[in-house]
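In: Using only what follows, build the 3D model:
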Amino acid sequence: MEKAGLVILTLKAKEGLALVNGTQVMTAVGLLALLRAERLCRIADIVGACTLEALKGTLSAFDPDIQRVRPFPGQIAVADNFKKLGRRSEIAESHKFCPRIQDPYSLRCIPQVHGAVRDALVYVRRILEVEVNSATDNPLIFAEKGKILNGGNFHGEPVAFALDLLGIAIAELGGISERRIEKLINPALSGLPAFLTSEGGLHSGLMMVQVSAAALASENKVLAHPASVDSIPTSADKEDHVSMGTIAARKARDIVNNVEQVLAMELLCATQGLEFLLPLKPGIGIKEAYDVVRRKVAPIKGDRRYSEDIREIDLLIKSGELLKGVESAVGSLK
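Out: Just a heads-up that it's a prediction; the model follows:
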């Protein structure tokens with residue numbers, strides 16, 4: 001409380017129980033997961049833009065006219081971010097007239113997928129904002145009316161539903177990221193050296209990074225199963241239906257952790273992919289992301305322990321350094 005600059009509340013009668021007799025734990029854990037998830041939405045746009053550039057993808061799928069005729073707010077925001085990140089790209093200019101008609105879904109449909117995640121989080125935030133400003137004790141005392149009422153505001157169902165949705169949505173952010181990693185390391189799809197190594201044969205390159213991302217994406221599929229569909233009676237069947245919202249919150253937190261790792265892996269692969277396109281420069285936001293990574297992680301020449309590289313990039317994500325650097329180059333991302 002001192003670190004936060006808050007005065008400690010001196011509790012009076014009933015207030016101690018009121019602080020623990022509701023949805024406090026699931027709401028607190030869920031809020032922390034939500035704040036990280038909201039940041040990951042912008043990180044995912046940065047990372048996805050790096051991959052799009054490394055794979056010589058097209059920004060035509062991000063054209064405002066496409067978004068205008070299906071005007072989901074998240075979709076529009078993502079497309080706008082990609083336009084900012086990809087400005088003044090020499091790489092995009094170099095393949096302006098290539099014969100490729102359309103990119104794979106994991107590139108072409110980024111606005112639709114990343115955008116849907118954002119829209120889901122808007123709902124989650126609305127629910128949690130109501131919850132943190134609510135009374136969830138039982139019984140509730142309305143002193144001004146002289147009423148003591150037993151009710152059910154302690155029930156976590158609204159929060160549980162929201163946090164299950166949070167886990168499902170963020171799991172998809174990791175799922176599409178893993179698919180983009182596969183595109184980067186697959187020479188049949190990328191046009192880049194196999195597994196992003198210039199010394200194939202004795203060197204495995206980034207093959208196992210994609211395997212690790214696939215493992216985390218698969219784990220998330222299990223974790224994303226909703227906790228709120230379950231209930232089990234306790235207390236002599238008086239408490240016969242509960243929300244399991246704390247489990248939903250913990251699962252959402254674990255999924256966010258996994259997706260942070262997957263996005264770090266994708267960024268490792270994407271920046272390595274950009275090495276093979278030098279001396280062409282990527283878009284200004286992508287170039288800044290590349291530079292931020294390169295200050296901590298050297299280009300890959302031969303096999304090494306990639307866990308250290310992933311950890312460094314993950315720290316760049318968690319600390320806000322990656323986002324701060326990119327936004328200093330292109331302005332605030334939505």
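
In: what are the ranges of the helices in the stretch 151-300 of the chain?
Out: Applying DSSP state H, counting those that start in this stretch to the stretch 151-300 of the chain gives helices spanning 157-185, 187-190, 207-223, 245-275, 284-294.

In: Off-centre distance for the second one?
Out: This points to helix 187-190. Remark: helix 187-190 is offset 26 Å from the chain centroid, using CA atoms, centre = their mean, to the nearest Å.

In: can you list the residues that contact that helix?
Out: By CB atoms under 8 Å, 6 or more residues apart in numbering, the residues outside helix 187-190 that reach it are 54, 55, 104, 182, 183, 184, 193, 194, 273. In this view, the C-beta of every residue, glycine as well, is placed from N, C-alpha and C.

In: same deal with the third one?
Out: Defining contact as CB under 8 Å, 6+ apart, one finds that helix 207-223 is touched by 167, 171, 174-175, 177-178, 181-182, 185, 195, 251, 254-255, 258-259, 261-262, 265-266, 268-269, 306, 310.

In: repeat that with 6 Å
Out: Under the criterion CB atoms under 6 Å, 6 or more residues apart in numbering, residues 171, 174-175, 178, 181-182, 185, 195, 251, 254-255, 258, 261-262, 265, 306 lie in contact with helix 207-223.

In: So for it, what gets flagged as buried?
Out: Neighbour counts over helix 207-223 (16 or more other CB atoms under 10 Å) mark 209, 210, 212, 213, 214, 216, 217, 220, 223 as buried.

In: Distance to residue 47 added to those, as CSV?
Out: Shown next, in CSV, are the buried residues of helix 207-223 (distance: CB to CB, whole Å):
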residue, distance to residue 47
209, 14
210, 14
212, 16
213, 12
214, 17
216, 15
217, 14
220, 17
223, 21
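
In: Return the member of those nearest to residue 140.
Out: Residue 140 lies nearest to residue 223 out of the buried residues of helix 207-223, by CB to CB, at 34.5 Å.

In: Nearest residue to that closest one in space, please, no chain neighbours.
Out: Spatially, and ignoring its direct neighbours in sequence, residue 223 is nearest to residue 251 (4.8 Å; CB to CB, 6 or more residues apart in numbering).
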